[in-house]
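Visitor: need a structure here:
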Amino acid sequence: MRRPLIILLIILSNTLLAQNVIDGYIDLSKEEFQDQTYALDGTWLFSWNTDFETFNSNQTSVVPGFWNSEQNGNFPTFGQACYRIKIKVPKTQTKLSLRINNIHNSYRVYINDSLIHEHGKTNKLEQEQIANWSPFLLPIRPKDTTFNLTFVIANFGHRNSGFASSIFIGDYEKMIKDREFYMAIDAIIIGGLLVLGFFLLGMYLLWKRDQPLLYFLGFSLVFGLWMSFRDEKVFFSTWNSFDWELALRIEYSAMIIAASLFILYIAKLFPRQNIAFMQYAVLIINSIALLLILFFPPEIFTYVAVTNIITLVIAMVYIMLVFTQVIKSKEFDNTFTSISLMLLYTFLSLKVINFLDIIAINNTILDIITLLFVLSMALIFANRFSGIFNSTLALKDKAEQQQRDLKVKNKEILASIQYAKHLQSTILPTAAEINANFEKAFIFFEPKDIVSGDFYWVERHNNLIYFAVADCTGHGVPGAMVSFVCSNALTRAISEEKLLQPDEVLDRTRAIVMQQFSTSEVSLNDGMDISLGIYNPSSKTLEWAGANNPIWVVKKQSNSILEYRGNKQPIGNYVTTPQPFDKHKLELQEGDRLYLFSDGYIDQFGGKDGKKFKSNNLKKLILSIQEQPIDQHLAVLSKAFYDWQGEFEQIDDVCVLGIEI
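Guide: Residues are numbered from 1 along each chain as shown. Got it, this is the predicted structure:
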């Protein structure tokens with residue numbers, strides 16, 4: 001059991017069996033630099049508030065560490081200090097390099113008495129100091145195997161002053177390869193997070209109702225930004241002159257925002273298992289921390305790193321409780337949930353160990369665990385989205401099947417309606433039948449649907465010609481069914497009961513229709529409006545009655561229309577006390593013209609303003625074509641109707657009957 005633990009610690013640790021600096025001296029002369037890099041950790045000679053020329057080596061300071069810590073003498077945070085060690089390297093080693101990742105917050109490097117590099121600008125005066133936070137790989141060529149390495153560090157911004165991480169020494173070529181490797185790892189992780197974020201953005205655009213997706217893509221993008229400021233600092237590798245204070249604010253803000261977005265993601269993804277008061281506690285603490293970062297100087301807001309420990313503890317407990325309830329509920333795939341929880345706690349535990357300096361954890365290991373955790377969370381969501389997607393596909397298949405079934409049913413219904421049209425045509429007189437009774441006549445008949453609620457009717461009984469245009473309730477199939485009832489009632493009143501007066505015909509037709517509809521258990525307020533004429537060719541007299549609909553008469557060589565209006569009552573159950581219909585008697589002469597119509601023509605919307613055609617316009621149109629033979633009126637009226645309708649939908653059945661005596 002002890003051996004695997006030792007191996008694990010070796011894998012996770014950055015400092016692999018390296019010798020420590022003791023009182024400013026380290027002997028690496030017997031080490032193989034080609035196989036190893038060495039952390040120059042230990043006690044360095046230290047001189048506070050001095051420069052290279054005035055270095056005073058009467059005390060030591062632990063590196064990595066900060067001179068303002070209690071361990072290292074609790075010196076003032078802001079100022080300048082010098083660190084020095086003596087290093088002995090192998091004789092065969094000619095080309096070395098220093099790996100410098102995190103010094104707060106500007107420095108100079110000396111080999112013996114020579115300045116070899118300045119990072120930012122160091123000075124004892126704050127106004128003269130310029131910070132630079134970018135990592136650096138510094139090649140060195142000492143003339144002797146034993147040499148002094150001196151750092152002059154100035155800090156006037158961060159709460160911690162000195163070395164935030166180890167200084168490494170090793171073979172230049174190896175360190176170049178190592179840095180390229182670490183940079184590649186960071187780039188892969190950051191790139192993976194960014195690609196994941198944009199992929200999730202695409203998913204969100206397809207499925208905008210899923211709020212957790214929005215929070216998770218935000219977390220992925222912001223977390224990727226935060227990682228670009230950590231460890232190898234990929235951000236500074238492309239923009240090493242970026243302002244130090246702004247970079248620090250971005251790093252800390254990204255850390256806070258990413259943590260908050262992740263908490264919101266968990267809360268939205270698992271709403272039933274969410275623990276609201278813990279969620280709000282984390283978000284409130286993070287909100288306060290973000291305000292500090294945005295509006296206070298670095299020496300204050302960098303203490304957020306300490307408060308993050310409190311947030312971390314609350315978040316760990318919160319996530320553990322939520323995930324435990326999720327696993328128990330079995331709402332989600334427990335495999336991915338369990339893996340995510342294990343990876344998260346591994347990552348957080350290693351972060352705490354690293355923060356408390358229990359052991360120095362390899363940052364690459366932490367980054368890989370972080371990426372695996374993010375991917376496992378993505379898999380939880382992907383599994384959830386997969387369920388939604390599969391359900392959508394199932395619904396799509398079902399809808400397509402229903403659509404196929406509907407097409408079959410529609411085909412059957414259309415066939416039935418077409419047959420109904422055929423049946424309806426049997427009650428409508430043909431053009432030949434109309435012309436057999438009136439030599440000069442036309443019919444403009446345009447159903448809104450396949451079958452019509454309007455119908456026209458012409459029959460001859462006892463040398464009298466009965467003709468009518470009727471408008472039944474509704475249109476399409478319902479209107480056609482009503483038209484069958486009303487047409488049959490009209491035929492019964494004339495053929496079977498031998499009624500000769502139009503008003504009596506309408507009274508009896510109304511009684512038959514009301515009787516037919518009263519047999520139903522459901523009250524039906526259906527019926528028809530009608531214009532009914534009975535013409536005697538011998539005497540050229542016309543007796544007429546109407547239910548709501550009129551008849552227009554244009555006398556020969558007249559430029560006006562005589563309008564006879566029907567009673568304001570329909571044929572049907574619309575009125576509680578039906579009144580007898582009135583009869584009108586007209587003396588006609590050859591050349592007089594009669595027009596009967598339903599309201600479909602005059603009620604049609606159209607024209608440039610989308611208004612109704614109206615009866616006045618129909619009157620003007622009819623008067624304008626009186627010089628033309630009546631058999632040409634059909635073409636004029638139909639063209640005028642379609643031109644007026646334009647792109648508008650036909651709203652009702654249309655029927656216009658014109659007769660010339």
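Visitor: flag every buried residue along the one helix or strand Asp643 maps to.
Guide: If you go by DSSP states H and E, Asp643 is part of helix 633-645. Neighbour-count burial for helix 633-645, with 16 or more other Cβ atoms under 10 Å as criterion, is recorded at His633, Leu634, Val636, Leu637, Ala640, Phe641, Trp644, Gln645. Where C-beta positions appear, they are placed from N, C-alpha and C, glycine not excepted.
Visitor: other SSEs contacting that helix?
Guide: strand 440-446, strand 605-606, helix 615-624, strand 654-660 (3 or more Cβ pairs under 8 Å, 6 or more residues apart in numbering; DSSP states H and E).
Visitor: and the angle from that helix to strand 440-446?
Guide: Angle, helix 633-645 to strand 440-446, by axes from the mean of the first three to the mean of the last three Cα atoms, to 10 degrees: 30 degrees.
Visitor: tell me how many other residues surround Asn123.
Guide: Asn123 has 16 neighbouring residues, counting by other Cβ atoms under 10 Å.
Visitor: which residues are in contact with it?
Guide: Gln80, Gln129, Ala154 (Cβ atoms under 8 Å, 6 or more residues apart in numbering).
Visitor: any idea which of these is closest to Leu98?
Guide: Ala154 (18.5 Å; Cβ to Cβ).
Visitor: wait, that closest one touches Gln80, no?
Guide: Yes - with contact defined as Cβ atoms under 8 Å, Ala154 reaches Gln80; the gap is 4.3 Å.
Visitor: what sits in contact with each of these two?
Guide: Taking Cβ under 8 Å, 6+ apart as the criterion, Ala154 and Gln80 both touch Thr122, Asn123, Lys124.
Visitor: one step back: ok, of the buried residues of helix 633-645, which one's closest to Asn383?
Guide: Nearest member of the buried residues of helix 633-645 to Asn383, counting by Cβ to Cβ, is Gln645, at 55.3 Å.
Visitor: which residue is the nearest non-sequential neighbour of the closest one?
Guide: Gly606 (4.5 Å; Cβ to Cβ, 6 or more residues apart in numbering).
Visitor: neighbours around the closest residue in space to Ile100 that isn't next to it in sequence, how many?
Guide: Leaving aside its chain neighbours, Ile100 sits nearest to Phe136 (4.8 Å; criterion: Cβ to Cβ, 6+ apart). Look at Phe136: counted by other Cβ under 10 Å, it has 17 neighbours.
Visitor: please pull out the lowest mean pLDDT helix or strand from the chain.
Guide: None of the helices or strands of the chain scores lower by mean pLDDT, DSSP states H and E than helix 2-12, at a mean of 40.
Visitor: centre of the chain to the following helix or strand past it, how far?
Guide: The C-terminal neighbour of helix 2-12 among helices and strands, as given by DSSP H and E, is strand 25-27. When distances are taken as Cα atoms, centre = their mean, to the nearest Å, strand 25-27 is centred 62 Å away from the chain's centroid.
Visitor: name the residues that touch strand 25-27?
Guide: Gln19, Asn20, Tyr38, Leu40, Gly42, Ile85, Lys86, Ile87, Lys88.
Visitor: hey, what's the last one bridged with?
Guide: Lys88 has these beta-bridge partners by DSSP bridges: Asp27, Thr146.
Visitor: ok, back up a step: export the buried residues of helix 633-645 to JSON lines and tack on distance to Ile266 and pLDDT?
Guide: Below are those laid out as JSON lines (distance: Cβ to Cβ, whole Å; pLDDT from 0 to 100):
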{"residue": "His633", "distance to Ile266": "78", "pLDDT": "94"}
{"residue": "Leu634", "distance to Ile266": "75", "pLDDT": "93"}
{"residue": "Val636", "distance to Ile266": "75", "pLDDT": "94"}
{"residue": "Leu637", "distance to Ile266": "72", "pLDDT": "94"}
{"residue": "Ala640", "distance to Ile266": "69", "pLDDT": "94"}
{"residue": "Phe641", "distance to Ile266": "66", "pLDDT": "93"}
{"residue": "Trp644", "distance to Ile266": "63", "pLDDT": "93"}
{"residue": "Gln645", "distance to Ile266": "60", "pLDDT": "92"}
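Visitor: what's the farthest-apart pair in these?
Guide: Largest pairwise distance in those, by Cβ to Cβ, is 18.2 Å, between His633 and Gln645.
Visitor: picking up where we left off before, the more surrounded of Ala154 and Gln80?
Guide: Neighbour tally, Ala154 and Gln80, criterion other Cβ under 10 Å: the higher count belongs to Ala154, 28 against 23.
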